[in-house]
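In: Only the shape, not the letters, is given here:
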């Protein structure tokens with residue numbers, strides 16, 4: 001089966017990191033029948049709670065990319081983010097900025113597989129779920145992982161982001 005290069009890259013990173021799911025097996029990308037551009041669509045397609053979806057959101061933090069992995073049940077508070085980071089302002093990035101720094105489209109941005117490592121914050125609300133699901137580089141690709149593993153493979157910093 002042909003896989004998009006973004007999906008191949010994300011799977012390679014997962015394998016190289018030894019990432020695993022809640023059952024202890026390897027985190028493997030699943031290709032859904034249809035694209036899921038929102039957390040709600042992903043949760044519906046997977047039959048899981050909205051909060052189990054780890055949205056990968058890119059922000060412009062003073063010209064630098066910031067990846068925030070947030071629970072699908074939350075909206076990121078950019079004022080809180082700016083205060084947490086000690087910056088005057090953090091704002092949503094444009095689609096062009098996202099593609100430039102991740103190589104991936106909005107709606108399919110994975111937590112890994114980018115041209116360069118990104119500064120990453122991981123929503124502490126995701127920790128309440130044994131298994132969470134993240135995008136795999138395109139809008140129809142997802143993979144299961146635990147909070148601890150997601151934080152580890154992204155070198156992310158746990159934070160309250162909502």
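Out: Received it, and whenever you're ready, just let me know what you need. Fair warning: this is a prediction, and the values are worked out from it, not measured in the lab. Numbers count the residues shown, from 1 in each chain.

In: Closest to the centroid, which residue in this structure?
Out: Among the residues of the chain, residue 56 comes closest to the average C-alpha position under CA atoms, centre = their mean, at 3.1 Å.

In: Show me what it is bridged to.
Out: On the basis of DSSP bridges, residue 56 is bridged to residue 69.

In: I'd assumed residue 67 was in contact with it.
Out: Yes: between residue 56 and residue 67 there is a contact at 6.3 Å, judged by CB atoms under 8 Å. Quick note: C-beta positions are derived from backbone N, CA and C, even for glycine.

In: what is in contact with these two at once?
Out: Shared contacts of residue 56 and residue 67 (CB atoms under 8 Å, 6 or more residues apart in numbering): 109, 111.

In: For residue 119, which non-adjacent residue is closest in space?
Out: residue 66 (5.4 Å; CB to CB, 6 or more residues apart in numbering).

In: next one: residue 115
Out: Computed as CB to CB, 6+ apart, the closest residue to residue 115 that is not its neighbour in sequence is residue 103, at 5.6 Å.

In: Could you pull up phi and psi at the one you found?
Out: phi 80, psi 10 (degrees, to the nearest 10).

In: list the contacts for it?
Out: Counting by CB under 8 Å, 6+ apart, residue 103 has contacts 6, 9, 113-115.

In: One more: residue 54?
Out: Neighbouring residues of residue 54 by CB under 8 Å, 6+ apart: 69-72, 111, 123, 126, 132-134, 145, 150.

In: And for the helix or strand residue 40 falls within, what's in contact with it?
Out: Element membership for residue 40, per DSSP states H and E: helix 39-46. Contacts to helix 39-46, defined as CB under 8 Å, 6+ apart, come from residues 32-34, 36, 49-50, 52-53, 55, 72-73, 133, 135, 142.

In: thinking again about what came up before, mind checking how far the residue nearest to residue 115 is from residue 75?
Out: Distance of residue 103 to residue 75, given as CB to CB, to the nearest Å: 26 Å.

In: thought residue 162 was touching residue 72?
Out: No: look at residue 162 against residue 72 with CB under 8 Å: they stay out of range, at 11.1 Å.
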